[in-house]
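1. Pasting a predicted model and its sequence here:
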Amino acid sequence: MNLFSFEQTKAVYRADFSFYASAVIMLSATLIFGAPYGSRGKVALLTCVGLLGWTWLEYVVHRFILHGVQPFRRWHAAHHSNPKALICAPTILTGSTIFALFFLPIWLMWDLWNACGLTLGLLIGYFGYAVTHHAIHHWHTGGSWLKRRKRWHLIHHHAQHACCFGVTSGIWDRAYGSLRRII
């Protein structure tokens, strides 16, 4: 197994979902049962801030890194060429990035509970993105929200000019003008 391959085996692809689902559950339990009573409201608010921050981060990474910076652009183009392939960023890359760029600096600048709260929000967002993106390409559904996300993402994959970068939300495409009218 190549830890830095973007096309995954079924087992490795599924393990990524299991890893992030477990991380969300364990971090949630840690905060629910371990956070000091007086800081729980603040930690809950920071979790919401982390989740909102994820939507922006998802947009920025997709628009400017996956569509702009090599070798990520080439790897992402492989996904566009074969959207049914089990292509995702390796767990070791995403997990270490979240730890090194978010959790650790926040912990060092603030405290453990705040770092856990913000990171939990990011992890919930990332896991939601991963499940949504997988569902868009692999599930058949009657749900109206997922149908809208599928339509949005099809426009992203097939537009002449790159647009519609948000997978879980279109808020940042609207804010930054990178959306094409969906009729």
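-> Sure thing, it's come through. Numbers count the residues shown, from 1 in each chain.

2. which sections of this protein are below the confidence cut-off?
-> Within the chain, the segments meeting pLDDT under 70 span 1-7, 142, 180-183.

3. what about the longest helix in it?
-> In the chain, with assignment by DSSP state H, the single longest helix is helix 112-138.

4. Enumerate the positions of that one that are buried.
-> By 16 or more other Cβ atoms under 10 Å, the buried positions in helix 112-138 come out as 113-130, 132-134, 136-137. The C-beta positions use only the backbone N, C-alpha and C, and glycine is treated the same way.

5. for stretch 141-151, same thing?
-> 149-150.

6. List the contacts of that stretch.
-> With Cβ atoms under 8 Å, 6 or more residues apart in numbering as the test, stretch 141-151 has contacts from 132, 135-136, 139, 167-168, 182.

7. Kindly recompute the last result at 10 Å.
-> For stretch 141-151, the external contacting residues (Cβ atoms under 10 Å, 6 or more residues apart in numbering) are 132-133, 135-137, 139-140, 164, 166-170, 182-183.

8. Also stretch 31-45?
-> Residues outside stretch 31-45 that contact it (Cβ under 10 Å, 6+ apart): 46-47, 111-121.

9. which one among the residues you listed gets closest to residue 55?
-> Closest approach between the contacts of stretch 31-45 and residue 55, by Cβ to Cβ: residue 121, at 10.2 Å.

10. I figured the closest one was touching residue 56, is that so?
-> No: checked against Cβ atoms under 10 Å, the pair residue 121 and residue 56 is beyond contact range at 11.7 Å.

11. for the strand or helix carrying residue 77, packing partners?
-> Residue 77 belongs to helix 72-81 when elements are defined using DSSP states H and E. Here helix 72-81 touches helix 144-158, going by 3 or more Cβ pairs under 10 Å, 6 or more residues apart in numbering; DSSP states H and E.

12. State the helix or strand in which residue 89 lies.
-> Per DSSP H and E: residue 89 is located in neither a helix nor a strand.

13. do residue 53 as well
-> Using DSSP H and E, residue 53 falls within helix 40-60.

14. residue contacts, the most centrally placed residue in the chain?
-> Of all residues in the chain, the one closest to the mean position by Cα atoms, centre = their mean is residue 126, 2.9 Å from it. With contacts defined as Cβ under 10 Å, 6+ apart, the neighbours of residue 126 are 20, 23-24, 51, 54, 57-58, 89, 94-95, 98, 168.

15. Check residue 51 too.
-> Residue 51 neighbours (Cβ under 10 Å, 6+ apart): 118, 120-126, 128.

16. Quickly note the distance from residue 176 to residue 144.
-> Separation of residue 176 from residue 144 (Cβ to Cβ, to the nearest Å): 25 Å.
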